[in-house]
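Q: Sequence unavailable; structure follows:
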């Protein structure tokens, strides 16, 4: 009987300890660990996302914004870098719960994945060598070679609206370098990234021409029917309302009034 009593006490003690551990490990419990979500991104889209060459950590406007949204929504994030054309596939398959990489919100993409509310307004623009006076707009690219990024809306635009010879690169920087060296006639890609490269690495040899095309907004991508959409949208709005968005924006792009 004494042995049985000791066994019962031991089992009760174990049950109490187990219950305490479960409470502490809950996703959003008071004082417990937060849920951690993997965010797919692309490390080659300055100033939105890029790897710090010294630490290997992801940095950029998108990275800081996603961290701020996660903090507001009450979850943690870790980033998984990949080629841009794999991001959409990852969302469609449900492999990743979130993706941020300057992903344009389009009707075609909305058929297979979900998006947050827009967080950045953009468009695409042509870049040419400063000595090129033959290409003044998108109307002048038929028959010439234009570089762009694999899987991007720029690639789709070129194929659907021009007769240019399209050369797509996994890393858009290679297209920019080829324009600068004269190996490509032009490049078409997102306006903020084009302007950033010209200012940082153009060496006075590059320029933009023509109008900004395909005015689109960036959104955070999620799998279709994701339960996180509402939480992300609420957190995004809160980050805008409390001034955090403006602080991050000004860090990478300067004042909006400039």
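A: Sure, I can see it. No experiment lies behind these values; they were computed from the predicted model shown.

Q: Kindly report the domain assignment for this protein.
A: What automatic domain parsing lists as the domains of the chain is 36-119+219-253, 122-216.

Q: Those into a markdown table, with extra columns for mean neighbour count?
A: In short, each C-beta sits where N, CA and C put it, glycine included. As requested, the domains of the chain are exported to a markdown table (neighbours: other CB atoms under 10 Å):
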| stretch | mean neighbour count |
| --- | --- |
| domain 36-119+219-253 | 18 |
| domain 122-216 | 18 |
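
Q: Tabulate the ones you listed (a markdown table), appending mean pLDDT.
A: Converted to a markdown table, these look like this (pLDDT from 0 to 100):
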| stretch | mean pLDDT |
| --- | --- |
| domain 36-119+219-253 | 94 |
| domain 122-216 | 94 |
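
Q: how near is the spatially closest residue to residue 222 that is not a sequence neighbour to residue 237?
A: Once flanking residues are discounted, residue 222 sits nearest to residue 114: 4.5 Å by CB to CB, 6 or more residues apart in numbering. Separation of residue 114 from residue 237 (CB to CB, to the nearest Å) stands at 17 Å.

Q: just residue 108 next, same as before
A: 26 Å.

Q: so who does residue 165 touch?
A: Listed by CB atoms under 8 Å, 6 or more residues apart in numbering, the contact partners of residue 165 are 143-146.

Q: Would you check which pair of those residues lies furthest apart?
A: 143 and 146 (10.3 Å; CB to CB).

Q: anything in contact with each of the two?
A: By CB under 8 Å, 6+ apart, the residues touching both residue 143 and residue 146 are 164-165.

Q: Residue 50: what secondary structure?
A: strand (DSSP: H, G, I helix; E, B strand; the rest coil).

Q: That one contacts residue 58, doesn't it?
A: Yes: between residue 50 and residue 58 there is a contact under CB atoms under 8 Å: 7.5 Å.

Q: Next, show the common contact partners of these two.
A: Common neighbours of residue 50 and residue 58 (CB under 8 Å, 6+ apart) are residue 43.

Q: now the strands for the chain?
A: 36-41, 44-45, 49-51, 58-59, 76-81, 98-99, 113-115, 120-129, 145-149, 165-169, 186-190, 206-218, 221-223 (DSSP state E).

Q: Tabulate the ones you listed (JSON lines), appending distance to residue 252.
A: Shown next, in JSON lines, are those (distance: least, CB to CB, whole Å):
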{"stretch": "strand 36-41", "distance to residue 252": "15"}
{"stretch": "strand 44-45", "distance to residue 252": "12"}
{"stretch": "strand 49-51", "distance to residue 252": "11"}
{"stretch": "strand 58-59", "distance to residue 252": "10"}
{"stretch": "strand 76-81", "distance to residue 252": "17"}
{"stretch": "strand 98-99", "distance to residue 252": "19"}
{"stretch": "strand 113-115", "distance to residue 252": "22"}
{"stretch": "strand 120-129", "distance to residue 252": "10"}
{"stretch": "strand 145-149", "distance to residue 252": "20"}
{"stretch": "strand 165-169", "distance to residue 252": "23"}
{"stretch": "strand 186-190", "distance to residue 252": "14"}
{"stretch": "strand 206-218", "distance to residue 252": "13"}
{"stretch": "strand 221-223", "distance to residue 252": "20"}
